[in-house]
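A.B. asks: All I have is the shape, not the residue letters:
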């Protein structure tokens, strides 16, 4: 399976690190409006690939996750 994460903040980073350890996941695509966040996170993971276009992530991934933080 190929997974995409839109947003590489704290929650996205936590998810990406958890997904990295899952044997079922072949590739992990990352997107964030701040490309340095995307590239920095991708550099720490073997399965991850950064993309600068959300459309590319959506096209390539079987599952897309957009972690949201709801302020209380």
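C.D. replies: Good, I have the coordinates. Computed from a predicted structure; not experimentally measured.
A.B. asks: The helix ranked longest in the chain: which residues count as buried?
C.D. replies: Longest helix of the chain, by residue count under DSSP state H: helix 10-20. Neighbour-count burial for helix 10-20, with 16 or more other CB atoms under 10 Å as criterion, is recorded at 12-13, 15-16, 19. (Each C-beta comes from the backbone N, C-alpha and C, glycine too.)
A.B. asks: what's the helix or strand following that helix in contact with?
C.D. replies: Sequence-wise, the next helix or strand downstream of helix 10-20 (DSSP states H and E) is strand 27-31. Strand 27-31 is contacted by residues 2-8, 12, 16, 19-20, 38, 41-42, 45, 47-54, 56-57, 60-61 when judged by CB atoms under 8 Å, 6 or more residues apart in numbering.
A.B. asks: Is it correct that residue 69 is in contact with residue 14?
C.D. replies: No. The pair residue 69 and residue 14 does not pass the contact test of CB atoms under 8 Å, sitting 11.5 Å apart.
A.B. asks: Need phi/psi at the closest residue to residue 66 other than its chain neighbours.
C.D. replies: Spatial nearest neighbour of residue 66, chain neighbours left out: residue 6 (4.4 Å); criterion: CB to CB, 6 or more residues apart in numbering. Main-chain torsions, residue 6, degrees, to the nearest 10: phi -100, psi 110.
A.B. asks: Which elements pack onto the one helix or strand residue 5 maps to?
C.D. replies: Using DSSP H and E, residue 5 sits in strand 2-6. For strand 2-6, the elements it packs on are helix 10-20, strand 27-31, helix 54-60, strand 63-65, judged by 3 or more CB pairs under 8 Å, 6 or more residues apart in numbering; DSSP states H and E.
A.B. asks: Output those in JSON lines; the columns should cover mean pLDDT.
C.D. replies: Listed next are the helices and strands packed on strand 2-6 as JSON lines, based on pLDDT from 0 to 100:
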{"stretch": "helix 10-20", "mean pLDDT": "96"}
{"stretch": "strand 27-31", "mean pLDDT": "98"}
{"stretch": "helix 54-60", "mean pLDDT": "96"}
{"stretch": "strand 63-65", "mean pLDDT": "97"}
